[in-house]
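Chemist: coordinates for the following, if possible.
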Amino acid sequence: MAGVADSMKEKEKDILEQAREVLRIEAEGLLRLAERLDGNFVRCAEMIFALKKGRVIVSGIGKSGIVGRKIAATLSSTGTRAFFLHPVEAMHGDLGLASPEDVFLALSNSGETVELNALLPSIRGMGCPVVAFTGRPDSTLGGLADLVVNVGVEREACPLGLAPTASTTALLAAGDALAVALIHKRGFGPGDFKRRHPGGALGQRLTARVSDLMLPRDAAPLVPADASLEEAVRVMDQSALGAALLVDRENRLKGIVTDGDLRRLLARGGVLAGLPALSAGTGNPKSVGADTLAADALNVMERHQITVLPVAGVEGQVLGVLHLHDILGKGTVRFNGNPSNGA
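Modeler: As a prediction, this is how the structure comes out:
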């Protein structure tokens, strides 16, 4: 029995090592791709960003076609109008979907996909620029394209070197990189994403009003605007928000103190004792109304890199307070910069 158990362990060890080797090969391919990206990738992103009425037409055959469908879907959901066009269907009537205002994104690792290459003269003939994502810039596809982005890998993870593995991973990652580059160029935010994803738990929460999600005023961490910093810290300690709202006698919002403010104060060598709360916090902080859509409140949080947002009425009276997690539920979101609780 011991011999059988040892044999099973050896087989398990072999499978794990084979799987890890695949992941290592694919990871190495992505790292080399990241280093190799150049001005052609930048020109591709700028060409697509400059589209006014046109769309990105993504096309490929086989595994590249499957990846192409995903790239088109990711672009569409993040602010870039795109669709997938099968090369064979295009040659049988669907070419009518293309126009000179579009950009044609052709996908082929080898660059020798006959059906795709046969389509390109017609695409270029109508004045539609062609961008090639290929592993062989010197291929037929590379020669037919107006712009070539080299997405090649040194080797496939398949031990036979035949099944597209590392190459399709690199192609998929290049598509993601393009979509994210365009997200940054467009200033595409969570509210924009929500409008394209009305379903699902996050979509449902983003369609809610702030009043449905906020912590109401009677439960909010309120501190008199002339309170000491020590008093504000005591209130913050009793709250799970990491912030205290500073208000006047009419409950009008005057400022906010956050955990981030305290960290920055201590990093500068400051002390809590004897300081007024407002001197360490932020006066006239960002706020939203109770009827604001959660998606729009989330955009404010992202734009200003904050996670706590006061909710105020027309005359500035505090109605409540909203935390990032009130919108997203369980989980976290990572902003472009370093998340903080400051306003």
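Chemist: mind listing what the spatially closest residue to residue 270 that is not a sequence neighbour touches?
Modeler: Residue nearest to residue 270 in three dimensions, not counting chain neighbours: residue 280, with 7.6 Å by C-beta to C-beta, 6 or more residues apart in numbering. To be clear about C-beta, it is placed using only N, CA and C from the backbone, and glycine gets the same treatment. With contact taken as C-beta atoms under 8 Å, 6 or more residues apart in numbering, residue 280 is in contact with 229, 232, 257, 261, 262, 265, 270.
Chemist: drop anything exposed from those.
Modeler: In the contacts of residue 280, burial by neighbour count holds for 229, 232, 257, 261, 262, 265, counting by 16 or more other C-beta atoms under 10 Å.
Chemist: now name the helix or strand holding the second one.
Modeler: I take that to be residue 232. Residue 232 is located in helix 229-238, with elements delineated by DSSP states H and E.
Chemist: again, but for the third one
Modeler: When elements are defined using DSSP H and E, residue 257 is found to belong to strand 253-258.
Chemist: equivalent analysis for residue 45, please.
Modeler: Per DSSP H and E: helix 39-49 holds residue 45.
Chemist: give the buried residues for that helix.
Modeler: Residues 40, 41, 44, 45, 48 are the ones in helix 39-49 that count as buried (16+ other C-beta under 10 Å).
Chemist: what number of residues lie near the residue lying closest to the fourth one once chain neighbours are set aside?
Modeler: The spatially closest residue to residue 45, leaving aside those adjacent along the chain, is residue 181, at 4.6 Å (C-beta to C-beta, 6+ apart). The burial metric for residue 181, expressed as a neighbour count using other C-beta atoms under 10 Å, is 18.
Chemist: so residue 181 belongs to a helix, correct?
Modeler: Yes: assessed with DSSP: H, G, I helix; E, B strand; the rest coil, residue 181 lies in a helix.
Chemist: got the angle between the helix holding residue 232 and strand 253-258?
Modeler: Here helix 229-238 runs at an angle of 70 degrees relative to strand 253-258 (axes from the mean of the first three to the mean of the last three C-alpha atoms, to 10 degrees).
Chemist: packing partners for the helix or strand following helix 229-238?
Modeler: The helix or strand immediately downstream of helix 229-238 is strand 243-247, counting by DSSP H and E. Using 3 or more C-beta pairs under 8 Å, 6 or more residues apart in numbering; DSSP states H and E, the elements in contact with strand 243-247 are strand 222-224, helix 229-238, strand 253-258, helix 277-280, strand 318-323.
Chemist: and these as JSON lines, adding distance to residue 186 and mean pLDDT?
Modeler: As requested, the helices and strands packed on strand 243-247 are exported to JSON lines (distance: least, C-beta to C-beta, whole Å; pLDDT from 0 to 100):
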{"stretch": "strand 222-224", "distance to residue 186": "38", "mean pLDDT": "94"}
{"stretch": "helix 229-238", "distance to residue 186": "37", "mean pLDDT": "89"}
{"stretch": "strand 253-258", "distance to residue 186": "30", "mean pLDDT": "93"}
{"stretch": "helix 277-280", "distance to residue 186": "36", "mean pLDDT": "87"}
{"stretch": "strand 318-323", "distance to residue 186": "25", "mean pLDDT": "93"}
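Chemist: let me know which of those is the nearest to residue 92.
Modeler: Closest approach to residue 92 among the helices and strands packed on strand 243-247 is made by strand 318-323 (53.5 Å; C-beta to C-beta).
Chemist: hmm, who's touching the helix holding residue 45?
Modeler: Residues outside helix 39-49 that contact it (C-beta under 8 Å, 6+ apart): 56, 80, 103, 129, 131, 147-150, 174, 177-178, 181-182, 185-186.
Chemist: sorry, back to before: out of the helices and strands packed on strand 243-247, which comes closest to residue 13?
Modeler: With C-beta to C-beta as the criterion, residue 13 lies closest to strand 318-323 of the helices and strands packed on strand 243-247, at 46.8 Å.
Chemist: for the chain, give me the ranges with low pLDDT.
Modeler: Filtered on pLDDT under 70, the chain yields the residue ranges 1-7, 189-204, 329-343.
Chemist: and stretch 147-164, end to end?
Modeler: Taking C-alpha to C-alpha, to the nearest Å, stretch 147-164 runs 23 Å from one end to the other.
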